[in-house]
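Q: no sequence on this one, just coordinates:
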Ligand code: NAD
């Protein structure tokens, strides 16, 4: 039996695949994009979860029905996406794909579905806990709230669904649209760092390695219902920018740009439930995460401790 990871070619998905391989587990790596790398123990399955063609749907359905567990990370991420077709992509990849996965999995098979901290609509002076009402702001957050509604439907039918709410995930393999990727790239190239809103805004930045480990452990524990994947320790964007400057040995200029309306001023996880379930909580060491991202983006030229930035240009 294998664990099926959907979105396995993506940022969080590839970390989950690595985590499972480190534990000696077999993985079916499902994604509509090709996998970043191949390894023994991984069976790639290149398919779109929402493909209506009977042959593809049957192939996907078989893999999901036979799974030991499923970590569902396929989705349309990003709050700032404003392409004309974004609403349709969010509906297809965040909502319809979740429905497809949950309908195909056997009732006793544990499934972790990644929704998002965006369902809370930001934190207002206190950390967000799982039992508080959802206030999704914007199309991305609303599509994740709709995915949670799909999860609740299957939970009511007795399925084992962890509704995992990751808070801003950081680490190697980040998508190019994510802040840390853009900032480290700009610092390495000697360009100003684009900052949306103000450096005083804050996020509960969560290390991708901890997010991956938590997702695997939550499915192993067959947890049902919503669980925050965050540290409980928010950092300001300014703190991350300082870490980028320190790690890259640069003194970058900031280029302030307006924040989007749906880009909330602060996020902050209450990780009490996660810690009670797992016996540990994610901890983010910002300089370490920034150094890992810098090492990746500079093609391995960066070690830790780091050489002067000038040597990299
Ligand atoms: P990503 O874009 O790097 O990975 C998503 C992967 O899913 C991609 O490889 C894509 O090809 C695949 N995919 C999308 N729709 C698919 C479909 N219909 N069929 C098959 N494959 C499909 O995104 P990520 O940052 O790794 O995020 C993973 C999940 O976690 C997403 O659902 C995202 O909304 C959620 N999330 C991410 C963060 C974060 O900070 N990265 C925070 C909260 C929630």
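A: Sure, I can see it. All of these numbers come straight from a predicted model, not from anything done at the bench.
Q: near the ligand, which residues of this structure show up?
A: The chain comes close to the ligand at residues 7, 9-13, 31-33, 48-50, 73-75, 77, 93, 97, 114, 116, 166, 168-169, 175, as judged by Cβ under 6 Å from any ligand atom. Heads up, the C-betas are built off the backbone N, CA and C, glycines and all.
Q: Just the ones of those residues in helices?
A: Using DSSP state H, the subset of the residues of the chain next to the ligand located in helices is 11-13, 97.
Q: Spell out the residue ranges of the helices in the stretch 1-150 of the chain.
A: Applying DSSP state H, counting those that start in this stretch to the stretch 1-150 of the chain gives helices spanning 11-22, 54-65, 86-90, 97-104, 138-156.
Q: Likewise for the stretch 151-300 of the chain?
A: Counting by DSSP H, counting those that start in this stretch, the stretch 151-300 of the chain has helices at residues 179-188, 208-220, 237-248, 272-278, 286-297.
Q: would you turn those into JSON lines with mean neighbour count?
A: What follows is these, written out as JSON lines (neighbours: other Cβ atoms under 10 Å):
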{"stretch": "helix 179-188", "mean neighbour count": "21"}
{"stretch": "helix 208-220", "mean neighbour count": "23"}
{"stretch": "helix 237-248", "mean neighbour count": "20"}
{"stretch": "helix 272-278", "mean neighbour count": "17"}
{"stretch": "helix 286-297", "mean neighbour count": "21"}
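Q: Can I get those in CSV including mean pLDDT and distance to residue 26?
A: Formatted as CSV, the helices of the stretch 151-300 of the chain follow (pLDDT from 0 to 100; distance: least, Cβ to Cβ, whole Å):
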stretch, mean pLDDT, distance to residue 26
helix 179-188, 96, 31
helix 208-220, 98, 13
helix 237-248, 96, 36
helix 272-278, 98, 23
helix 286-297, 96, 27
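Q: Tell me the residue of the stretch 1-150 of the chain that sits nearest the ligand?
A: Closest to the ligand within the stretch 1-150 of the chain is residue 10: 2.0 Å, counting by Cβ to the nearest ligand atom.
Q: Using CSV, lay out the helices of the stretch 1-150 of the chain together with mean pLDDT.
A: Putting these into CSV (pLDDT from 0 to 100) gives the following:
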stretch, mean pLDDT
helix 11-22, 97
helix 54-65, 98
helix 86-90, 97
helix 97-104, 98
helix 138-156, 98
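Q: so which of those helices comes closest to residue 120?
A: Proximity to residue 120 (Cβ to Cβ) singles out helix 138-156 among these, at 8.4 Å.
Q: and the closest one, how far from the chain's centre?
A: How far helix 138-156 lies from its chain's middle: 16 Å, per Cα atoms, centre = their mean, to the nearest Å.
Q: Can you give me the neighbour number for residue 58?
A: Other residues within reach of residue 58, judged by other Cβ atoms under 10 Å, total 10.
Q: Quick one, grab the pLDDT at residue 260.
A: Note for residue 260: predicted pLDDT of 84.
Q: Run a quick neighbour tally on it.
A: 15.
Q: what residues are up against it?
A: Counting by Cβ atoms under 8 Å, 6 or more residues apart in numbering, residue 260 makes contact with 79-80, 82, 138, 196.
Q: now do 10 Å
A: Neighbour list for residue 260: 79-82, 137-138, 196-197 [criterion: Cβ atoms under 10 Å, 6 or more residues apart in numbering].
Q: What of residue 277?
A: Residues near residue 277 by Cβ under 10 Å, 6+ apart: 162, 214, 217-218, 221, 223, 227.
Q: Then residue 148?
A: By Cβ under 10 Å, 6+ apart, the neighbours of residue 148 are 95, 98, 113, 115-116, 119, 134, 136, 155, 161, 163, 165, 226.
Q: how far away is the residue nearest to residue 296 when sequence neighbours are not counted from residue 292?
A: Nearest in space to residue 296, with sequence neighbours left out and distances taken as Cβ to Cβ, 6 or more residues apart in numbering, is residue 172 at 4.6 Å. In this view, residue 172 and residue 292 are 5 Å apart by Cβ to Cβ, to the nearest Å.
Q: Overlap of the contact sets of these two?
A: Common neighbours of residue 172 and residue 292, using Cβ under 10 Å, 6+ apart, are 208-209.
Q: Using the record's assignment, carve this protein into domains.
A: According to automatic domain parsing, the chain comprises the domains 3-169+206-229, 179-202+233-262+284-312.
Q: Now for the residue lying closest to residue 207 once chain neighbours are set aside, how many residues are close by?
A: In space, residue 207 comes closest to residue 284 once its chain neighbours are excluded; the distance is 4.9 Å by Cβ to Cβ, 6+ apart. When neighbours are counted by other Cβ under 10 Å, residue 284 registers 24.
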